[in-house]
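1. Sequence and predicted structure are below.
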Protein chains: 2
Amino acid sequence: MMQPTRIGIVGLGTVGAGTVNVLRRNGDEIARRAGREVHVCSAAVRDPGKLRLCEIAGIELVTDPLEVANDSRVDIVLELMGGEEPARSVVLTAIANGKHVVTANKALIAVHGNEIFHAAQEYGVTVAFEAAVAGGISIIKAIREGLAGNRIESMAGIINGTSNYILSGMRDEGCGFSEKLADAQAMGYAEADPTFDIEGVDAAHKLTILGAIAFGIPLQFDNVYTEGISALALDDIMYAEELGFRIKHLGIAKRTHVGIELRVHPCLLPRNHLLSHVEGVMNAIYVKGDAVGPTLHYGAGAGAEPTASAVVADVVDVVRTLTTDPGNRVPHLAFQPNAISDLPILPAAEIESAYYLRMSAVNRPGVLADVTRILGDLNISIEAILQKGSGAQESVLPVILLTQTTVEHRIDEALRQLAELPTIENEISRIRVEALD
Amino acid sequence: MMQPTRIGIVGLGTVGAGTVNVLRRNGDEIARRAGREVHVCSAAVRDPGKLRLCEIAGIELVTDPLEVANDSRVDIVLELMGGEEPARSVVLTAIANGKHVVTANKALIAVHGNEIFHAAQEYGVTVAFEAAVAGGISIIKAIREGLAGNRIESMAGIINGTSNYILSGMRDEGCGFSEKLADAQAMGYAEADPTFDIEGVDAAHKLTILGAIAFGIPLQFDNVYTEGISALALDDIMYAEELGFRIKHLGIAKRTHVGIELRVHPCLLPRNHLLSHVEGVMNAIYVKGDAVGPTLHYGAGAGAEPTASAVVADVVDVVRTLTTDPGNRVPHLAFQPNAISDLPILPAAEIESAYYLRMSAVNRPGVLADVTRILGDLNISIEAILQKGSGAQESVLPVILLTQTTVEHRIDEALRQLAELPTIENEISRIRVEALD
């Protein structure tokens, strides 16, 4: 058996402790696979006196994260602290010291990945980040390696478990967004400040990474169109079901003939699509390649041990390439650094989609004629129209419309004109419809 | 850019031609990922004059497969001819010549894999076989690498598209097995001699491979309990639906405290399980690891381009390890050759499962009492009992039973005793029920 590989961990919170537990519990299994043992020799924590969720015997605890990045005994630094700083400095220091890095930090990679991978390239080390996207699902490996023969056409993923838990619960229990969010917080599925999850930022971080490795483009978080679930009404979830759809919060990356779409928002999906059956906090990514066709990758997107599963897999991968010359390793962003393309990211107004629209209309002759004329004049074809209830004249009734595929700026214009109709009250709900054929 | 990698292909049928097409069409994309070009320089075919499904310009055609295995220009041999011989000789010759091998041949690996990997180990080359299991789904990579930190607990897969197509069709169209088999043959989803698919042999080949890499045990095709779908009645499919289940043909590998279960047979699955929504010729494998929890891997299990997708991914993987010393490569069977375990494979009589039983009973007082007494005396608990129809006294009616989990030899004994009851006519259908929790 070869020399043990020595690990230094920065951050012993949920994921860090989960990683130590998995490395200890499955040490034999991991050594049988990797051909050598993996030892955790040091860990940086904020408070060394705090009770830990893992056994720390044999692990030297320090308080300065940089101490781990500078520790000459350490072969691989696991950055499991999260956030942009000091994580970025720790990772760059480890790289400059010739150490390999494994990170679970999606914000770090989405926002600072280009800089980090450039440095890794320069120093000939690997920065592995499987755990940064969709927890235990080995989606980075699947796209970078398993689908290496494909031209990736599109992907659509349920990549934020909190949002999926809330949407599943609203539908099942018929409750509103705020009520289900409070439940998610009580269950530990949403943070005290849930903004990153419910406003789509977390999903946008992950989609940034998935888009880069799918299409060979740079990481560009700022170009992701991002919309969360906080504005979704229970009514829309129920009408969608009635129409044979299910509302899911998706990250979508798609190659079109004019550029790349990168967008995160709620979607209507056909109810018989596999993604529609992904419930609760589970994650799943649907990937289409030109050769393989559709594939689905499903599993836990968060949690101590599922995330640890991805971290440990990365450790084993890195261990295997310790003696490989860097040019022969899997490139960080799937494509060779000199082969990254500058395909444009389409602005939201240019994306193509079908749409679900819900408006409150005064029940008066000619209302639907006004609505359909506006859409017709903008060349938007109507797939279905549904008027709910049968109230008296002048009462306000919901009207639901499904359009055929069109360009988003036409819908924007339609919404502007519809809002001006004296018979349309309140705001109009607009949700994109994805066929995922 | 590094030197192009030179490929020799043995077999230019559906998969071989698909591979050439993908390598040509996505040559740029593949080179951007792999950091070098992949050239097909020669191919062995039975009839060089035959019309091909791919462009053969630039490829030297030969008729002797061994010529490719001995061709000094070739770095990697793709064995895409199928069957046990001469595929085995071709692969062993290539290995002895120090060439890496990529194969899509499940029978070859399941039956001769131990010999082949031993030879590969001896000569320091890689034999990659992602395409041998579940076509385009990168399940070998997911288990060997993506889940490397896990102790795998169980897996259950829809790994024979032909069987799944027939079962989906019987249920949807309410037709019998023979009718749907004929349709599958007309669609090109089943061969003229469909035995390997419908009797479970093809699935058993794949399960042999999956079981080995999940648990670190040798390949042992002969120890897989194998049952196909040819004896399934439409009645059972419909009663299963009525009870909230769906019948799927599964390959199951499970770790228990007394040994490993390796079995291929039809199963009742809860209808809301993701695997129940895998329809037609699609494949999916549900894998549970102790750290990651449940995962699902879905995609096309056969077909020219999905299989080519896996073959090309293997080529890229092999190319990346050309300069890696063999000890650092991913071990063929996931675990290091000196760490393969001799866990026993349980005989079918020792497996634990719940059961669906359907019998034809004469409608006479005391019949159900006789049936339930036999089960009770054998310590088999009944989960549900369903008597269909309400015929006259002495008419023959179907009785459907769901048992709780028990050991299979008790069910075998129960079936023997039930068959002796004067009120039970015809054969009793027995189908295992998998909760897959």
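-> On my side now, so go ahead.
2. Around chain B, which positions in the stretch 101-250 of chain A sit nearby?
-> A:130, A:136-138, A:141-142, A:144-151, A:216 (Cβ under 8 Å from any Cβ of the partner chain). For every residue, glycine as well, the C-beta is placed using N, CA and C.
3. contacting residues for the one residue in the stretch 251-400 of chain A that gets nearest to chain B?
-> Nearest to chain B in the stretch 251-400 of chain A, going by Cβ to the nearest Cβ, is residue A:312, at a distance of 2.8 Å. By Cβ atoms under 8 Å, 6 or more residues apart in numbering or on different chains, the residues touching residue A:312 are A:19, A:22-23, A:26, A:30, A:38, B:148-149, B:291.
4. which stretches of chain A have low pLDDT?
-> A:1 (pLDDT under 70).
5. all helices of the stretch 201-350 of chain A, in order?
-> A:201-215, A:234-242, A:304-320 (DSSP state H, counting those that start in this stretch).
6. no, scratch that, I was asking about the stretch 51-200 of chain A
-> A:65-69, A:87-96, A:106-123, A:139-141, A:161-173, A:177-187, A:195-198.
7. what does the longest one contact?
-> Counting contacts by Cβ under 8 Å, 6+ apart, the residues outside helix A:106-123 that touch it are A:79, A:82-84, A:87-88, A:91-92, A:95-96, A:98, A:101, A:103, A:126-127, A:129, A:132-133, A:202, A:204-206, A:208-209, A:212, A:218-219, A:221, A:326, A:332-333, A:337.
8. Please apply the same query to the fifth one.
-> In this structure, residues lying in contact with helix A:161-173 by Cβ under 8 Å, 6+ apart are A:158, A:175-177, A:180-181, A:183-184, A:187, A:189-190, A:194, A:197-198, A:200, A:202-203, A:228-229, A:232, A:234, A:237-238, A:241, A:246-249, A:266, A:278-283, A:300-302.
9. Buried residues of it, list them for me.
-> By 16 or more other Cβ atoms under 10 Å in any protein chain shown, the buried positions in helix A:161-173 come out as A:161-171.
10. and what of the third one?
-> If you call a residue buried by 16+ other Cβ under 10 Å, then helix A:106-123 has these buried ones: A:106-114, A:116-117, A:119-121, A:123.
11. circling back to that earlier point, list just the nearest of the buried residues of helix A:161-173 to residue B:418.
-> Taking Cβ to Cβ as the measure, residue B:418 sits nearest to residue A:168 out of the buried residues of helix A:161-173, at 42.7 Å.
12. which one is residue A:432 nearest to, not counting chain neighbours?
-> Distance criterion Cβ to Cβ, 6 or more residues apart in numbering or on different chains; nearest residue to residue A:432, sequence neighbours excluded, is residue A:353 at 4.4 Å.
13. Please state the backbone phi and psi of the one you found?
-> phi -160, psi 160 (degrees, to the nearest 10).
14. any idea how far it lies from residue A:434?
-> 7 Å (Cβ to Cβ, to the nearest Å).
15. Ok, residue A:104 next?
-> 28 Å.
16. and these two? which has more neighbours close in?
-> residue A:104 (29 against 22; other Cβ atoms under 10 Å in any protein chain shown).
17. What's the local residue count around the closest residue to the more buried one other than its chain neighbours?
-> Spatial nearest neighbour of residue A:104, chain neighbours left out: residue A:131 (3.6 Å); criterion: Cβ to Cβ, 6+ apart. Counted by other Cβ under 10 Å, the residues lying close to residue A:131 total 29.
18. Residue A:131 contacts residue A:14, doesn't it?
-> No - applying Cβ atoms under 8 Å as the test, residue A:131 and residue A:14 come out as separate, 12.0 Å apart.
19. Show me the common contact partners of those two, please.
-> Joint contacts of residue A:131 and residue A:14 (Cβ under 8 Å, 6+ apart) are residue A:307.
20. Residue A:295 pairs with what?
-> Residue A:295 forms beta bridges with residue A:287, as assigned by DSSP bridges.
21. got a list of what it touches?
-> By Cβ under 8 Å, 6+ apart, the neighbours of residue A:295 are A:142, A:147, A:286-289, B:136-137, B:297-300.
22. My reading is that residue A:360 is in a strand; is that accurate?
-> Yes - per DSSP: H, G, I helix; E, B strand; the rest coil, residue A:360 lies within a strand segment.
23. Relative to chain B, how far out is residue A:413?
-> Distance of residue A:413 to chain B, computed by Cβ to the nearest Cβ, to the nearest Å: 37 Å.
24. okay, now that residue: neighbour count?
-> 15.
25. swap in residue A:39?
-> 16.
26. That one against residue A:4, yeah?
-> Yes - in terms of Cβ under 8 Å, residue A:39 counts as a neighbour of residue A:4; the distance is 4.8 Å.
27. what's residue A:132 in contact with, if anything?
-> So residue A:132 contacts A:103-106, A:108-109, A:140, A:205-206, A:209 (Cβ under 8 Å, 6+ apart).
28. Out of those, the closest to chain B would be?
-> Minimum separation from chain B among those (Cβ to the nearest Cβ) is found for residue A:140, which lies at 9.0 Å.
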